[in-house]
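J.: using only what follows, build the 3D model:
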Amino acid sequence: MFILAFLILLAETKDLQQQELLFPVLLESSTNPLERPEDIIPDSMDDSGDDYSSGDTYFVLVTSFIEGENGSGKLWVVPNDPEMVEFSYELITGLDKPTGSCLDVNHGFLYIVDNGFEDQGHIYQYEVQWDTDEIFILSRNIYVIIYSGRKPYDCKIDQYGNMYFLEAEYDSINMISYLDLYSGFTNMNYTIYSSEPYVSYPVALQVEDSEDIYFANLYNGDEVGSINRADAYTEYINGGEVNILVKNKYKAWGVAHTAKDLVFFSLDSGEIWAVDDKNSDELYMKNKDLMKKPRGMCYGDSKVFVAEFDDGIVWIFKDNGKQESPEMFIAIQGSYSVFCVNSAVGLVVLWMIYCF
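T.: Residues are numbered from 1 along each chain as shown. The predicted structure follows:
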């Protein structure tokens with residue numbers, strides 16, 4: 001396979017110049033013209049593409065960091081193939097506290113949510129090219145800061161290329177249009193949901209079919225945490241319906257909606273649960289003894305991937321309501337969030353052929 005040859009070459013090469021060709025030094029876009037490719041110019045806000053949660057899973061993106069160490073944050077690319085996991089690689093380094101990532105599978109934009117240290121966090125935008133079962137790389141050596149503010153936590157992209165992201169300390173769910181993202185503007189977000197009890201220090205979300213938002217609240221009034229579902233489209237702030245699916249006795253950290261209409265979530269107690277999206281009285285304990293600090297989740301290939309921060313392991317759960325001992329996927333120190341790269345169509349890697 002092409003990916004095998006590439007990763008073996010990357011592991012064995014001692015040539016710094018060749019490594020820079022594979023993973024170029026990143027420069028902020030303020031000193032570089034964007035000059036976007038014409039094929040990703042938005043021509044209609046009504047044109048929808050694939051949903052990021054649909055199709056086969058080719059890679060899992062994992063963010064990691066060491067608590068309290070500035071610049072320790074990384075984004076890893078992990079092939080979703082047991083025989084290829086050992087060839088996982090660091091795509092982006094030098095982040096502070098990356099607590100989420102998301103991919104626009106239709107336009108080739110990668111976003112990383114860096115919670116930051118102290119008060120300042122950012123969301124970064126990169127351009128990537130990838131091919132199914134082949135390789136996932138940066139296609140340009142520039143990045144864009146599309147958000148700068150207090151404590152962003154997670155992001156997801158809908159079928160139109162619009163971003164939904166969380167501002168935890170402002171108790172808000174926000175949106176940025178694809179046109180503003182494409183243009184490289186900073187802080188063009190607007191709030192669609194805000195304030196307790198429905199939005200209370202949100203830390204994880206999923207957008208399903210551009211219709212529903214599932215999000216985890218770290219706090220929820222008198223209760224400690226909650227798992228919620230809200231309308232993705234609203235004409236004004238707090239204008240959509242919000243349903244609390246589960247109120248928890250512990251802080252809620254991760255959320256993932258599956259093809260079987262189960263909503264998985266992780267708790268500060270170390271427990272993993274699933275609730276029936278259509279009947280919230282149906283609640284299932286998946287595991288309670290294995291993890292210390294389960295955090296982010298993603299869904300792909302009928303599996304739920306869960307990042308465990310304390311032990312630095314990504315685990316795999318089956319898409320059902322049965323209690324189980326999960327399967328270990330990969331060990332990465334400080335694993336915090338996961339994003340499943342799902343798609344029926346990949347973006348062909350052209351310049352890699354040139355490099356070789």
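J.: so residue 53 touches residue 342, yeah?
T.: Yes: here residue 53 reaches residue 342: they are 5.9 Å apart, a contact under CB atoms under 8 Å. In this view, the C-beta of every residue, glycine as well, is placed from N, C-alpha and C.
J.: which neighbours do the two share?
T.: residue 300 (CB atoms under 8 Å, 6 or more residues apart in numbering).
J.: kindly check the end-to-end length of stretch 63-79 for me.
T.: End-to-end distance of stretch 63-79 (CA to CA, to the nearest Å): 14 Å.
J.: in that stretch, what counts as buried?
T.: Of all the residues in stretch 63-79, those buried under the rule 16 or more other CB atoms under 10 Å are 63, 64, 65, 72, 73, 74, 75, 76, 77, 78, 79.
J.: pretty sure the second one contacts residue 336?
T.: Yes: counting by CB under 8 Å, a contact exists between residue 64 and residue 336, whose distance comes to 6.0 Å.
J.: show me the common contact partners of the two, please.
T.: residue 98.
J.: residue 138 is in contact with residue 124, isn't it?
T.: No: with contact defined as CB under 8 Å, residue 138 does not reach residue 124; the gap is 11.5 Å.
J.: ok, the two, which is more surrounded?
T.: Counted by other CB atoms under 10 Å, residue 138 and residue 124 do not tie: residue 124 has more neighbours, with 22 against 18.
J.: host element of that one?
T.: strand 121-130 (DSSP states H and E).
J.: nearest residue to residue 334 in space, please, no chain neighbours.
T.: Spatial nearest neighbour of residue 334, chain neighbours left out: residue 64 (4.2 Å); criterion: CB to CB, 6 or more residues apart in numbering.
J.: which strand residues bridge the one you found?
T.: Residues in a beta bridge with residue 64, per DSSP bridges, are residue 74, residue 335.
J.: what's the distance between it and residue 50?
T.: With distances taken as CB to CB, to the nearest Å, residue 64 is found 27 Å from residue 50.
J.: residue 203 belongs to a strand?
T.: Yes: membership of residue 203 in a strand is supported by DSSP: H, G, I helix; E, B strand; the rest coil.
J.: and the helix or strand residue 59 falls within with strand 121-130, angle?
T.: For residue 59, the element it lies in under DSSP H and E is strand 56-64. Between strand 56-64 and strand 121-130, the angle comes out at 150 degrees (axes from the mean of the first three to the mean of the last three CA atoms, to 10 degrees).
J.: pLDDT on strand 56-64, on average?
T.: For strand 56-64, mean pLDDT rounds to 96.
J.: now swap in stretch 224-237 and tell me
T.: On average, stretch 224-237 scores 92.
J.: which intervals of this protein have sub-threshold pLDDT?
T.: Along the chain, segments meeting pLDDT under 70 span 1-26, 29-48, 132-133, 221-223, 344-356.
J.: apply 80 and report the result again.
T.: Applying pLDDT under 80 to the chain picks out residues 1-49, 118-119, 131-134, 196-197, 220-224, 343-356.
J.: what residue is smack in the middle of it?
T.: residue 101 (3.2 Å; CA atoms, centre = their mean).
J.: strands of the stretch 101-250 of the chain, start to end?
T.: For the stretch 101-250 of the chain, strands defined by DSSP state E, counting those that start in this stretch occupy the ranges 109-114, 121-130, 136-138, 142-149, 152-157, 163-167, 172-176, 190-194, 202-208, 212-217, 225-231, 242-248.
J.: next secondary structure element downstream of the last one?
T.: Sequence order places strand 252-257 as the next helix or strand after strand 242-248, per DSSP H and E.
J.: and the angle for that next one with strand 212-217?
T.: 160 degrees.
J.: so for stretch 275-286, what gets flagged as buried?
T.: Using 16+ other CB under 10 Å as the test for burial, stretch 275-286 gives 275, 276, 277, 280, 286.
J.: now the buried residues of stretch 63-79 in JSON lines, with distance to residue 165?
T.: Shown next, in JSON lines, are the buried residues of stretch 63-79 (distance: CB to CB, whole Å):
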{"residue": "63", "distance to residue 165": "14"}
{"residue": "64", "distance to residue 165": "20"}
{"residue": "65", "distance to residue 165": "18"}
{"residue": "72", "distance to residue 165": "22"}
{"residue": "73", "distance to residue 165": "17"}
{"residue": "74", "distance to residue 165": "20"}
{"residue": "75", "distance to residue 165": "16"}
{"residue": "76", "distance to residue 165": "21"}
{"residue": "77", "distance to residue 165": "21"}
{"residue": "78", "distance to residue 165": "23"}
{"residue": "79", "distance to residue 165": "27"}
